[in-house]
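Chemist: Here is my input; please provide its structure:
(one chain, ligands or ions: 2)
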Amino acid sequence: MFNSTEVPKEQWAQVIEKTGGPVNYKKIPVPTPGSDEVLINIKYSGVCHTDLHAMNGDWPLPTKMPLVGGHEGAGIVVARGDLVKDVELGDYVGIKWLNGSCLSCSYCQQADESLCPDALLSGYTVDGSFQQYAIGKAAHVARIPKECSLEAVSPILCAGLTVYKALKESGARPGQQVAIVGAGGGLGSLAIQYAKAMGIHTISIDGGEEKGQMCRELGSEDYIDFTTTKNVVQAVKNATPDGFGPQAVIVLAVSEGPFQQASEYVRSHGTIVCVGLPANAYLKAPVFDTVVRMIQIKGSYVGNRRDTAEAIDFFRRGLIKAPYKVVGLSKLQEVFDLMKAGKIAGRYVVDTSK
Ligand code: 8ID
Ligand code: ZN
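Modeler: Ligands and ions are numbered 1, 2, ... in the order given. Now for the predicted structure:
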């Protein structure tokens, strides 16, 4: 193993000791990378709603325990294993949701690596970025150009990548309209920006005036407040020039209702892309409408390494500017409390030095 001399033995981390939480801010040992891994001094990490799902045990997939969460970690390589040749000490890299995959199964062969049955998930099945030093498989860490700000790029590593991929999966073309459900959240705010950069118009759906103002400032043409609008379905249709509804719907919300509702306002021959992962939720759509209106309903799950590089490159070119607030890593539980209450417009990023 090669490493720079300044790697300490101990570090600060936020540790989940049992499902349900809370996170516990404490000192733990700095891990040692294996031969195909790098050790990253994490400077900033975005806080994704997935991290809250992980702590709460919301999904039918067990986490490791105790667990260090986090999967939007941006930092600097400080050590690397013997087999690592293409990542240098001092490089800027990112910990993303997919920490590693087998690289040889039929999914990995065709770059569908998020479908790999042996995928390692950061902050879920392996420790993630809510610590000062995290491990990533060298083949999978996101390559971050040196001119990027590590705090501003961190939400791109999951939120940005995921919505960029979902927009591609939606098949929407420049000039068409896409409804973003949950537009005021972390993924949503980035979805508005990626759509804008791709020449796609957005109809934002979320709750409250603060989120509405943010969505408009980010460039969304319309904002529909689901908490005050009597007929959301009609309002979405009315926001399209011919009243037939948007070409695609990207559902990022953390509740089941909007997943069912999307089929009522999506345009005929349009696509519903499911991204949000509410606990115990099911999809239901009328078979008759789905058939005669030729509606496509699909899921989209993060993105591959190429999608990651492309999403970061949109950011590098200055096309993506979504709001975020920075707080110390020690304040992570407060961020989770705000997130649970639905009170976060945009993203929170934690600074691991505080
Ligand atoms: O690869 C994936 N598929 C992937 C990647 C990353 C995250 C999936 N996710 C999942 C997360 O696990 C989470 O379930 O996407 C979901 C959204 O993550 P987030 O953007 O980090 O969450 P947030 O910041 O809390 O935003 C959610 C927004 O949804 C709104 C809330 O007001 C909030 O702004 N919302 C809800 I809850 N119900 C709504 C409704 N009925 C709604 N907006 C419109 N209509
Ligand atoms: Zn995430």
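Chemist: what residues are up against the residue in the stretch 51-200 of the chain that ligand 2 sits nearest to?
Modeler: Nearest residue of the stretch 51-200 of the chain to ligand 2 (CB to the ion) works out as residue 158 at 3.2 Å. To be clear about C-beta, it is placed using only N, CA and C from the backbone, and glycine gets the same treatment. Counting by CB atoms under 8 Å, 6 or more residues apart in numbering, residue 158 touches 46, 48, 50, 71, 72, 96, 97, 302.
Chemist: With adjacent residues omitted, what lies nearest to the second one?
Modeler: It stands for residue 48. residue 158 (5.1 Å; CB to CB, 6 or more residues apart in numbering).
Chemist: Check which helices and strands the longest strand along the chain sits against.
Modeler: Taking DSSP state E as the criterion, the chain has its longest strand at strand 37-47. In terms of contacts (3 or more CB pairs under 8 Å, 6 or more residues apart in numbering; DSSP states H and E), strand 37-47 is packed against strand 73-80, strand 92-95, strand 133-137, helix 150-153, helix 332-340, strand 347-351.
Chemist: measure residue 81 to residue 139 for me?
Modeler: Going from residue 81 to residue 139 by CB to CB, to the nearest Å gives 11 Å.
Chemist: Give the intersection of the neighbour lists for those two.
Modeler: residue 36.
Chemist: Which one of these two is surrounded by more residues?
Modeler: Neighbours were counted for residue 81 and for residue 139 using other CB atoms under 10 Å; residue 81 has more, 20 against 17.
Chemist: quick one, what contacts that one?
Modeler: 1, 33, 34, 35, 36, 37, 38, 138.
Chemist: per-residue confidence at residue 1?
Modeler: Per-residue pLDDT puts residue 1 at 59.
Chemist: Buried subset of the contacts of residue 81, written for PyMOL?
Modeler: Only the buried members of the contacts of residue 81 enter the following PyMOL selection, criterion being 16 or more other CB atoms under 10 Å:
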select buried, resi 33+36+37+38+138
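Chemist: Tell me the one among the contacts of residue 81 nearest to residue 56.
Modeler: For the contacts of residue 81, the closest approach to residue 56 (CB to CB) belongs to residue 37, at 28.6 Å.
Chemist: which residues does that closest one form a beta bridge with?
Modeler: residue 137 (DSSP bridges).
Chemist: Do I have it right that it meets residue 137?
Modeler: Yes - with contact defined as CB atoms under 8 Å, residue 37 counts as touching residue 137 (5.7 Å).
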